[in-house]
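In: Dropping a prediction and its sequence here:
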Amino acid sequence: MKRTFKSILLTFITALLFTGCNDGPTLQRYFVDNQESGNFTAIDLPVSIINLDESKLTEPQKEAYNSVKRLNFLGYKLDENNVETFNAELAKVKAILKDKKYNDLMEFNDKKAKIVVKYLGDDDNADEFVVFASSKDIGFGIVRVLGDHMSPEKMVTLADAMKNSDIDESQLSGIMDFFKK
C-alpha cells in the first residue's frame, strides 16, 4: 500500500513538473534568437524617445509614463528574396502571441499595417506590453515595453496622450533606415 501511494505521489509530482514548465517558445527567447540574424534588427530604445510635456498629463498618464523603464524593438525586413522566410517568421510571432498568457489590449489598422497590443499580467498590473505591427509591404516589428507597476488601463490613457506628442525621430532613424527598400 505504501509503495503504491509513493508511486502515485511521484507520478503526480512528475506530471506537475512537466506541465508547470513551459518550454514553448516565448517572445523573449524569440528576441534573443533573432537579434543578430540577417533580416532582423534589434534596438533598445530609450523611454525619452517620447517627448511628453508631463505638466499636461493627467495623474494616471504620469503614472503610466513613469512606470515604463525600457523599450526593446525587433524588426524583420521583407524583400522580394525572403517572402517565404518572412511568412514563416510572421507565423512564429503570431503563434507566440496567441498564447493565452498574452491578454488583448487593442488592435487596429494604420495605413497598410496591422497593429496589435497585448500584455502579460493581469488587469491591475502588467509585467510587459507588446506592440506588434506587420505589413505585407515592409515586414514586421515588435516592441516590448518593460517596466514596473504598469497598468493596462493607464497605458491606454497614455496612448491617447502620445497621439499629440513629439517623437524624437532621430532616435528612430535606425529603425526607419532598416525598413527602407
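Out: Sure thing, it's come through. Residues are numbered from 1 along each chain as shown.
In: If the residue sitting nearest the centre point of the chain is in a bridge, with which residues?
Out: Closest to where the C-alpha atoms of the chain average out (CA atoms, centre = their mean) is Val130, at 2.4 Å. Val130 forms beta bridges with Lys118, Arg144, as assigned by DSSP bridges.
In: So Glu107 sits against Lys114, correct?
Out: Yes - look at Glu107 against Lys114 with CB atoms under 8 Å: they come within range, at 7.5 Å. (C-beta placed from N, C-alpha, C; glycine too.)
In: Among those two, which residue is more densely surrounded?
Out: Legend: neighbour count by other CB atoms under 10 Å for Glu107 and Lys114, higher for Lys114 (14 against 11).
In: the strands in this structure, which residues?
Out: 40-45, 50-51, 68-77, 102-110, 113-121, 126-135, 139-150, 166-167 (DSSP state E).
In: Same list (the ones you listed) but as CSV, adding mean pLDDT and distance to Val83.
Out: Formatted as CSV, the strands of the chain follow (pLDDT from 0 to 100; distance: least, CB to CB, whole Å):
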stretch, mean pLDDT, distance to Val83
strand 40-45, 90, 16
strand 50-51, 71, 33
strand 68-77, 92, 12
strand 102-110, 89, 21
strand 113-121, 92, 17
strand 126-135, 93, 13
strand 139-150, 92, 11
strand 166-167, 57, 30
